[in-house]
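>>> Build me a model from this:
(one chain, ligands or ions: 3)
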Amino acid sequence: MNVTDRNTRRLHIVTHGCQMNVYDSARMADVLAPLGYSTVDSPEGADMVIMNTCHIRERAAEKVFSALGRLRDLKEATGNRMMIAVTGCVAQAEGDILLKRAPYVDMVVGPQAYHRLPELIAQVHRGKGAVIDTDFPVEKKFDFLPDAAAPQGVIANLTIQEGCDKFCSFCVVPYTRGAEASRPVAGIVAEARRMVAQGTREIALLGQNVNAYHGEGPDGRIWSLARLLSELAEIPGLSRLRYTTSHPSDMTEELILAHRDNPALMPFLHLPVQSGSDKILAAMNRKHKADDFRRIVARLREVRPDMAFTSDFIIGHPGESDADFAATMALVRETGFALAYSFNYSPRPGTPAAGLAQIADEVKNARLYELQAELRRQQDAFNAATVGLNTPVLFTGLGRHPGQIAGRSLYAQPVVVDSPVELTGEIHAVKITQANPNSLLGTLLDKEKIAA
Ligand code: SAH
Ligand code: SF4
Ligand code: F3S
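Ligands and ions are numbered 1, 2, ... in the order given. Below is the predicted model:
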């Protein structure tokens, strides 16, 4: 193969699921870049297509098979030269079934094996049929994956923890991502520094259970998330920090106080509670009660009065009665969320709750409808309450219309303002003038200064 060939391999990556998959997709592109692969926006004519999949709910997993059907036609159009890889949580959970149902797939790679992609591609080229790598290897993929190569943008994610040992009754993550593991502090700080040098100003630390973080520090001791956050806040030019997703039972007082003491830490927390009923929380194996969640919210509001919350809810877990659902609605009304995600319970193969008597779809749908109406009301109220406020906005780039620039509020709300100049990467005071369902409009308060 000559040098031109090496430089012209086209890689298309489709990403489903959570932010962790988004981050992993970028790392897979980085690991394949030295092999001559550069990413393209369309699968047509690509040399390699990676489908990075999600298994969290049935509908997410089914999407994979319909998308694969379309890819098969594109593969045939390339004379079967296109290599198809399925990665992510469906690959991990259903690798064998996948190869049976879609024999034109060349490669099935689980989330802990991405650093082995170059070797797996070589195996496919050697031509002995499809390869599958869904082991949880002893080596840690983060010790082998390159750090982010391309600039990640003003707002970027950084994975610090992966896997989960909690085994909630409904959830596939402990099976697809493996045991909880934290990256050492030094590697995280080095990666964050490189990101900031390339223009990143806000970093969201990612982990399936990010607040259970316990990574090895440079002093040889185990560092908590709060300690890591205060180290990261020292990086000049890194203005904002977030972390997601947290579990209520790992919400320590130290971490709560970080929201008071660490000015870079945003007053915004995604804290999935799933249900407001203690009976259902116990059935879900969530290891906390509804009142524990209430206490955490109250304590955070005490130390940081402008704190706002988002959450996740599951409706219709086996055993959920009308009274249990009413307890969830009561918790929602009491708390007042900035935003929340809610889902009908979806039985997942191999998880404990899948084998129990199921709630009828009509019941689930009616409850979900009621919950979502309340959550929509709360989200609108939260956004409406920002009108008239003077709030700092981190600008990320141009807006959709000429003369507009776009950024994010403290609560990650998209904000659009008219501006004579681009302010990418800068934080400026904005007076919010209008709240739309999914974005805010405002005016720059230091407009004259900026124009001059
Ligand atoms: N680690 C996070 C959540 C990871 S999964 C936590 O502990 O909260 C993201 C969300 O998907 C969950 O919060 C839950 O609300 C939802 N989810 C997970 N499994 C589900 C299932 N089987 N059916 C419906 N929703 C589910
Ligand atoms: Fe899934 Fe529960 Fe682990 Fe979250 S804490 S990833 S819901 S098992
Ligand atoms: Fe989905 Fe796996 Fe993330 S199941 S939500 S892609 S951890």
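>>> Only C-alpha atoms from now on, for both contacts and neighbour counts.
OK.
>>> Would you enumerate the residues in contact with the residue in the stretch 151-300 of the chain positioned nearest to ligand 3?
Residue nearest to ligand 3 within the stretch 151-300 of the chain: residue 173 (5.5 Å; Cα to the nearest ligand atom). Contact partners of residue 173, counting by Cα atoms under 8 Å, 6 or more residues apart in numbering, are 56, 89, 163-164.
>>> Grab the longest helix from the chain for me.
Secondary structure of the chain read by DSSP state H shows that its longest helix is helix 361-384.
>>> tell me what that helix is packed against?
Judged by 3 or more Cα pairs under 8 Å, 6 or more residues apart in numbering; DSSP states H and E, helix 361-384 is in contact with strand 308-315, helix 322-335, strand 339-344, strand 427-435.
>>> Mind splitting the chain into its structural domains?
3-133, 141-384, 390-444 (automatic domain parsing).
>>> mind giving me a markdown table with those domains and columns for mean pLDDT and distance to ligand 2?
Formatted as a markdown table, those follow (pLDDT from 0 to 100; distance: least, Cα to the nearest ligand atom, whole Å):
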| stretch | mean pLDDT | distance to ligand 2 |
| --- | --- | --- |
| domain 3-133 | 91 | 9 |
| domain 141-384 | 96 | 4 |
| domain 390-444 | 95 | 22 |
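>>> Rebuild those as TSV, extending it with distance to ligand 1.
Output for the domains of the chain, formatted as TSV (distance: least, Cα to the nearest ligand atom, whole Å):
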stretch	distance to ligand 1
domain 3-133	5
domain 141-384	4
domain 390-444	19
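>>> The residue lying closest to residue 45 once chain neighbours are set aside: neighbouring residues, count only.
Leaving aside its sequence neighbours, residue 45 sits nearest to residue 78 (Cα to Cα, 6 or more residues apart in numbering; 6.2 Å). Per other Cα atoms under 10 Å, the neighbour tally for residue 78 reads 14.
>>> Let me know whether residue 78 touches residue 71 as I believe.
No - look at residue 78 against residue 71 with Cα atoms under 8 Å: they stay out of range, at 10.8 Å.
>>> ok so, going back, quick one, which of the helices and strands packed on helix 361-384 gets closest to residue 361.
strand 339-344 (8.5 Å; Cα to Cα).
>>> May I have the secondary structure class of residue 52?
Of the three states, residue 52 takes strand according to DSSP: H, G, I helix; E, B strand; the rest coil.
>>> What sits closest to residue 115 if chain neighbours are left out?
Residue 115 sits nearest to residue 145 (Cα to Cα, 6+ apart), 5.3 Å away.
>>> Let me see the contact set for that neighbour.
Residue 145 touches 27, 31, 114-115, counting by Cα under 8 Å, 6+ apart.
>>> Identify the residues contacting residue 408.
393-396, 414-415.
>>> Residue 358: which of those is nearest?
Using Cα to Cα, those come closest to residue 358 at residue 414, 38.8 Å.
>>> Excluding its own residues, what touches the helix or strand hosting residue 90? List them.
Using DSSP states H and E, residue 90 maps to helix 88-101. Residues from elsewhere that reach helix 88-101 (Cα under 8 Å, 6+ apart): 21, 51-55, 61, 105, 108-111, 130, 132, 134, 173, 175-177.
>>> Okay, buried residues for it please.
88-95, 98-99 (16 or more other Cα atoms under 10 Å).
>>> Kindly report the residues of the stretch 151-300 of the chain close to ligand 3.
Contact residues (Cα under 6 Å from any ligand atom) of the stretch 151-300 of the chain with ligand 3: residue 173.
>>> The stretch 151-300 of the chain: helices as residue ranges?
173-177, 185-197, 225-232, 253-261, 278-283, 290-303 (DSSP state H, counting those that start in this stretch).
>>> would you turn those into JSON lines with distance to residue 84?
Output for the helices of the stretch 151-300 of the chain, formatted as JSON lines (distance: least, Cα to Cα, whole Å):
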{"stretch": "helix 173-177", "distance to residue 84": "20"}
{"stretch": "helix 185-197", "distance to residue 84": "30"}
{"stretch": "helix 225-232", "distance to residue 84": "38"}
{"stretch": "helix 253-261", "distance to residue 84": "43"}
{"stretch": "helix 278-283", "distance to residue 84": "40"}
{"stretch": "helix 290-303", "distance to residue 84": "44"}
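>>> Quickly note the distance from the spatially closest residue to residue 160 that is not a sequence neighbour to residue 191.
Computed as Cα to Cα, 6+ apart, the closest residue to residue 160 that is not its neighbour in sequence is residue 183, at 5.4 Å. Residue 183 is 11 Å from residue 191, where distance means Cα to Cα, to the nearest Å.
>>> When the two are compared, which one has more neighbours?
Each of residue 183 and residue 191 has its neighbours counted (other Cα under 10 Å); residue 183 has more, 20 against 16.
>>> Isn't the more buried one up against residue 142?
Yes - Residue 183 lies in contact with residue 142 (Cα under 8 Å); the separation is 7.3 Å.
>>> Pull out the buried positions in stretch 277-292.
277-281, 283-284, 286, 288-290.
>>> Report how many residues lie close to residue 64.
Neighbours of residue 64 (other Cα under 10 Å): 20.
>>> So it belongs to a strand, correct?
No - Residue 64: not assigned to a strand; according to three-state DSSP it is helix.
>>> dump the residue contacts of it.
Residue 64 neighbours (Cα under 8 Å, 6+ apart): 51, 53.
>>> Could I get the contacting residues of residue 120?
Counted by Cα under 8 Å, 6+ apart, residue 120 has contacts 107, 131.
>>> can you tell me the helix or strand for it?
For residue 120, the host element (DSSP H and E) is helix 117-126.
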